[in-house]
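Participant: sequence first, predicted model second:
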Amino acid sequence: MDFSFSEEQTLLRNTVERFVQDNYDFDTRRKITASEDGFSRENWQQMAELGLLAAPFSEEQGGLGGGPIDVMVLMEEFGKGLVVEPFIPTVVQAGGFLRRGTPAQIEEHIPGIIAGETLWAFAYAEPQGRYNLADLTTTATKDGDDFVINGNKAVVLGGPWADKLVVTARTSGGQRDEKGVTIFIVDKSATGVTTRDYPTVDGSRASEITFENVKVGADAVIGDVDNGLPLVEQVSDESIAALAAEACGCMKMLVDDTVEYCKTRKQFGMPIGKFQVLQHRMVDMFMNHEQSVSISYMVNLKLAEDAVERTKAASAAKVQIGKAGRFVGQQAVQLHGGMGMTDELRVGHYFKRLTMIDTQLGNVDYHLKRYADAA
């Protein structure tokens with residue numbers, strides 16, 4: 001099997017690498033996350049101008065006709081820079097739903113994403129859900145041709161920045177039934193939508209969102225009424241593949257920073273990198289990163305396969321990334337000594353991001369069970 005990148009994908013990587021180098025040095029990133037907005041609208045517009053936001057959309061939809069591998073390339077470089085702009089919520093998640101929407105939805109919403117004019121968030125998680133995408137207490141009740149949404153969503157990543165939301169709600173069946181889940185487009189400024197915004201531990205922002213008698217039209221439904229769960233699972237697996245690539249970028253920086261530090265930090269008159277036990281730790285960090293890169297390739301290549309194979313690949317990737325991210329992060333912090341978790345050193349910031357990635361869309365324990373069920 002040929003794992004080499006195409007010329008277009010190599011050029012894309014070079015473009016993103018330059019963007020991160022020019023706009024996302026560590027001090028600049030700290031200023032961005034500490035700002036009132038919590039992200040840079042200038043950087044978002046530059047992403048749009050470079051065509052990064054158009055990468056996964058088809059040419060018919062105004063995009064560049066890329067696929068999962070193109071997103072993987074983007075996300076790995078974003079991971080190296082700890083980019084906080086909402087690429088996954090807006091492009092991967094909302095874009096993933098809209099790409100499969102009606103022609104009217106595609107025409108109305110995708111150009112705004114590609115141009116960097118509209119930000120989106122995916123409101124799916126609920127406090128009682130524990131990663132179960134079908135466990136919903138948020139309801140959407142039929143009212144003539146419209147629907148009325150009531151409920152609460154937790155930890156909506158990118159929620160404070162979003163103009164529009166993709167919301168899952170139950171339109172029939174019991175709380176955890178696979179049937180009865182429907183996907184809606186909701187304007188965040190709509191009457192009855194209230195948010196509580198807060199910063200997350202990795203420097204991003206999230207919201208708790210309440211829907212109280214929020215009325216949407218039938219044209220706001222993405223896919224089929226009562227049969228939205230398969231699409232939710234598909235887009236979630238695509239998001240896991242993107243997160244896996246981002247985690248690989250984070251781990252790469254932790255490995256490189258740790259090796260460089262151990263070459264210069266001296267103890268007993270010699271660099272600590274000369275001590276064999278620490279060399280073994282760094283080799284283990286390197287191996288965990290390389291295994292994560294391999295499984296990141298695997299899950300992105302399997303996204304187009306049937307639901308069972310896609311599910312197994314996504315869950316396997318989540319387990320590997322979760323375990324490797326924790327190991328690499330812990331070793332990097334320990335080998336840097338007490339300064340490893342200080343705010344002034346970027347090592348701790350990469351570890352925090354890897355910790356958040358582990359909890360997004362299911363942790364290691366959840367995906368071990370999901371893999372077993374699918375197998």
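Facilitator: All right, it came through fine.

Participant: ok, the residue lying closest to Thr182 once chain neighbours are set aside to Val225 distance?
Facilitator: Closest residue to Thr182 apart from its sequence neighbours, by C-beta to C-beta, 6 or more residues apart in numbering: Thr171 at 4.4 Å. Every C-beta, even on glycine, is put in place using the N, C-alpha and C of the backbone. In this view, Thr171 and Val225 are 6 Å apart by C-beta to C-beta, to the nearest Å.

Participant: same check, this time on Thr138
Facilitator: 15 Å.

Participant: also Asp343?
Facilitator: Counting by C-beta to C-beta - Asp343 and Val225 are separated by 48 Å.

Participant: compare neighbour counts for those two and give me the winner.
Facilitator: The residue with more neighbours, out of Asp343 and Val225, is Val225; 17 against 8, by other C-beta atoms under 10 Å.

Participant: where's the more buried one relative to Leu231, distance?
Facilitator: Distance of Val225 to Leu231, computed by C-beta to C-beta: 12 Å.

Participant: just Ala244 next, same as before
Facilitator: Remark: distance between Ala244 and Leu231 (C-beta to C-beta) = 20 Å.

Participant: looking only at neighbour counts, state which of those two leads.
Facilitator: Set Ala244 next to Leu231 and count neighbours by other C-beta under 10 Å: Ala244 wins out with 31 against 19.

Participant: would you agree the more buried one falls within a helix?
Facilitator: Yes - looking at Ala244 with DSSP: H, G, I helix; E, B strand; the rest coil, it is inside a helix.

Participant: list the contacts of it.
Facilitator: Ser292, Ile295, Ser296, Val299, Asn300, Ala317, Lys318, Ile321 (C-beta atoms under 8 Å, 6 or more residues apart in numbering).

Participant: could you report the neighbour count for Ser236?
Facilitator: A count of neighbours around Ser236, defined by other C-beta under 10 Å, yields 21.

Participant: repeat for the one 3 residues further on
Facilitator: Residues near Ser239, counting by other C-beta under 10 Å, number 20.

Participant: swap in Glu212?
Facilitator: By the measure other C-beta under 10 Å, the count of residues near Glu212 is 13.

Participant: against Thr191, how distant is it?
Facilitator: Glu212 is 9 Å from Thr191, by C-beta to C-beta.

Participant: quick one, strands of the stretch 1-150 of the chain?
Facilitator: For the stretch 1-150 of the chain, the strands defined by DSSP state E, counting those that start in this stretch cover 120-123, 139-143, 146-157.

Participant: a markdown table please, covering those strands and showing mean pLDDT and mean neighbour count.
Facilitator: Formatted as a markdown table, these follow (pLDDT from 0 to 100; neighbours: other C-beta atoms under 10 Å):
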| stretch | mean pLDDT | mean neighbour count |
| --- | --- | --- |
| strand 120-123 | 98 | 29 |
| strand 139-143 | 96 | 17 |
| strand 146-157 | 97 | 20 |
